[in-house]
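next one to model:
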Amino acid sequence: MKLSLARDVTLTSVETGAVLLDGRRGRYWQLNQSGSAILRRLLEGATPDATAASLSEVAPVSEEQAHNDVMALIESLSAAHLLEVSP
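Residues are numbered from 1 along each chain as shown. Below you'll find the model as predicted:
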């Protein structure tokens, strides 16, 4: 699975995490530090499984819960047309 930001979407770091700005719709999404770290790892090419494993190493969460959280973030951002997922 390869992930990339959708066209006209920018990712900007902020003190509390990151902001995704959808230039087409003039809308933005705010991500906390965990969400920002997850998205950046995925955009760098890490798999959802590897991202979940690294999250469970640094956060008080099981690898299964971390995997569910990673997949939920991917699904939410895809549904909002902020993230493109290709095989």
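
for the helix or strand hosting residue 85, packing partners?
Here residue 85, judged by DSSP states H and E, is contained in strand 83-86. Judged by 3 or more CB pairs under 8 Å, 6 or more residues apart in numbering; DSSP states H and E, strand 83-86 is in contact with strand 2-5, helix 63-79. Where you see a C-beta, it was placed from the backbone N, CA and C, and this is true even at glycine.

quick one: buried residues of the first one?
Neighbour counts using 16 or more other CB atoms under 10 Å place 3, 5 of strand 2-5 among the buried residues.

quick one: average pLDDT of it?
For strand 2-5, mean pLDDT is 94.

repeat that for the last one.
The average pLDDT within helix 63-79 is 94.

residues contacting residue 11?
Listed by CB atoms under 8 Å, 6 or more residues apart in numbering, the contact partners of residue 11 are 5, 18, 19, 20, 39, 40, 43.

SS state for it?
Here residue 11 is strand, with the state taken from DSSP: H, G, I helix; E, B strand; the rest coil.

again, but for residue 49
Quick answer, by three-state DSSP: residue 49 is helix.

how many other residues sit next to it?
Under the neighbour criterion other CB atoms under 10 Å, residue 49 is assigned a count of 14.

tally of neighbours for the closest residue to it other than its chain neighbours?
Leaving aside its sequence neighbours, residue 49 sits nearest to residue 67 (CB to CB, 6 or more residues apart in numbering; 6.7 Å). Per other CB under 10 Å, the neighbour tally for residue 67 reads 18.

and residue 29, by the same measure?
When neighbours are defined as other CB under 10 Å, residue 29 has 16 of them.

quick one on the thing from earlier: who wins for neighbours among the contacts of residue 11?
Neighbour tally across the contacts of residue 11 (other CB under 10 Å): the maximum, 24 neighbours, falls on residue 39.
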